[in-house]
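In: Give me a model of this one.
(one chain, ligands or ions: 1)
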Amino acid sequence: MAHHMIRKAVFPAAGMGTRFLPATKAIPKEMLCLVDKPLIQYGVEEAVAAGCTEIIIVTGRDKAAMEDHFDTSPELEAALAAKGKQALLDAVRSLSKLAKIVYTRQAEPLGLGHAILMAKELVGDEPFCVLLPDDIVDARVPCMKQMVEAFEETQASILASEVVEGPAISNYGCLDCTPDARNPRLMAVKGMVEKPRFEEAPSANAIIGRYILTPRIFEMIEGVKPGAGGELQLTDAIKALLQHEKVYGFRYEGKRHDAGDKLGFLKATVELALKREDLGPGFREWLKSVPL
Ligand code: G1P
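Out: Reported below is the predicted structural model:
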């Protein structure tokens, strides 16, 4: 395969967000905020930091809030400028300059594989990355940047992975893999299973929501039958890809938060707030006074 650059990032954002109702009745889950930034913005900034210049957001309903978030806002900008609020003005303006952002629709919630398939024409014949906005990875080097660097070595699909001990593995795609001799962070994938029963999980290596995929994945998605939960699973399509190409697991450096879960969302809020220069010290002091 010719040497490829990763330029495009796909964000599945069409879920109903039922776990966060009523908060997500009128706004998409991806617009829920950790401290002061919506989930989708964390992901988009990570993709841009990894070198992506085109962002493809696969939405269902209520995409207006997301579109407005990444659009220019002349009235707001004029008001901030008039008040001399330069830092806020910069923050608002930079959002519309992050990348080229395009939207496509997934009309029916038929699964993650199906959502990715909606981006087929927009991605075209080149490798691309996928970021699931629920997974927030806090890392010194952004997780997707680490993966793009690994891709320069492998030129093959790469799935971010983390060790999940115990029955919780049943909430994830799970890898059957062996260490790679060249790079201690890479694992050669032999097989995988979506949401296995604990007793049947091939390992404790869970797939987390960061992928680099080769374009052949689209053909594989078109070929798979509905899997776990009756949905077209991305995991099943990547498993089919294994028949044709190498696939790697990647042990990233960083900490993942599962912001798609209420408890995970709360933990992420606390940890990210504590790390903030402006809020951290005051928040830490206050936390010490909270009766536990
Ligand atoms: C999806 C994938 C699963 C992966 C997980 C990571 O599942 O299907 O393979 O482990 O994301 O967050 P979901 O969380 O959408 O059920």
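
In: what's the burial count for residue 268?
Out: Other residues within reach of residue 268, judged by other Cβ atoms under 10 Å, total 22. Using the backbone N, CA and C atoms, a C-beta is placed for each residue, glycine as well.

In: got a list of contacts for the strand or helix carrying residue 250?
Out: Using DSSP states H and E, residue 250 sits in strand 247-251. With contact meaning Cβ atoms under 8 Å, 6 or more residues apart in numbering, strand 247-251 is reached by 146-147, 150, 154, 156-162, 175, 177, 180, 184-189, 205, 207, 238, 241.

In: Residue numbers of the stretch 151-292 of the chain in contact with the ligand?
Out: 172, 173, 194, 206, 207, 208, 209, 233, 234, 235 (Cβ under 6 Å from any ligand atom).

In: Restricted to helices, list the contacts of strand 247-251.
Out: Counting by DSSP state H, the contacts of strand 247-251 place 146, 147, 150, 154, 238, 241 in helices.

In: from the residues you listed, which has minimum pLDDT?
Out: Ranked by pLDDT, the ones in helices among the contacts of strand 247-251 bottom out at residue 154 (93).

In: hang on, it packs against residue 185?
Out: No - if you go by Cβ atoms under 8 Å, residue 154 and residue 185 don't touch, sitting 11.0 Å apart.

In: Assess the claim that residue 256 and residue 132 are in contact.
Out: No - under the criterion of Cβ under 8 Å, residue 256 is not in contact with residue 132, lying 10.6 Å apart.

In: Show me where this structure dips below the pLDDT cut-off.
Out: Applying pLDDT under 70 to the chain flags the ranges 1-2.

In: can you tell me the residue of it closest to the ligand?
Out: Closest to the ligand within the chain is residue 173: 2.5 Å, counting by Cβ to the nearest ligand atom.

In: still on that earlier bit, between residue 256 and residue 132, which one's more packed in?
Out: Counted by other Cβ under 10 Å, residue 256 and residue 132 do not tie: residue 132 has more neighbours, with 24 against 20.

In: how deep is the nearest residue to residue 171 once chain neighbours are set aside tucked in, by neighbour count?
Out: Computed as Cβ to Cβ, 6 or more residues apart in numbering, the closest residue to residue 171 that is not its neighbour in sequence is residue 195, at 6.7 Å. Per other Cβ under 10 Å, the neighbour tally for residue 195 reads 16.

In: and the residues of the stretch 151-292 of the chain next to the ligand as a markdown table, adding distance to residue 141?
Out: Formatted as a markdown table, those follow (distance: Cβ to Cβ, whole Å):
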| residue | distance to residue 141 |
| --- | --- |
| 172 | 23 |
| 173 | 24 |
| 194 | 29 |
| 206 | 21 |
| 207 | 20 |
| 208 | 16 |
| 209 | 17 |
| 233 | 29 |
| 234 | 25 |
| 235 | 26 |
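
In: Spatially, what comes nearest to residue 137 if we skip its sequence neighbours?
Out: Nearest non-adjacent residue to residue 137, counting by Cβ to Cβ, 6+ apart: residue 143, 4.0 Å away.

In: Distance check, residue 98 against residue 52.
Out: Distance check for residue 98 against residue 52: by Cβ to Cβ, to the nearest Å, it reads 10 Å.
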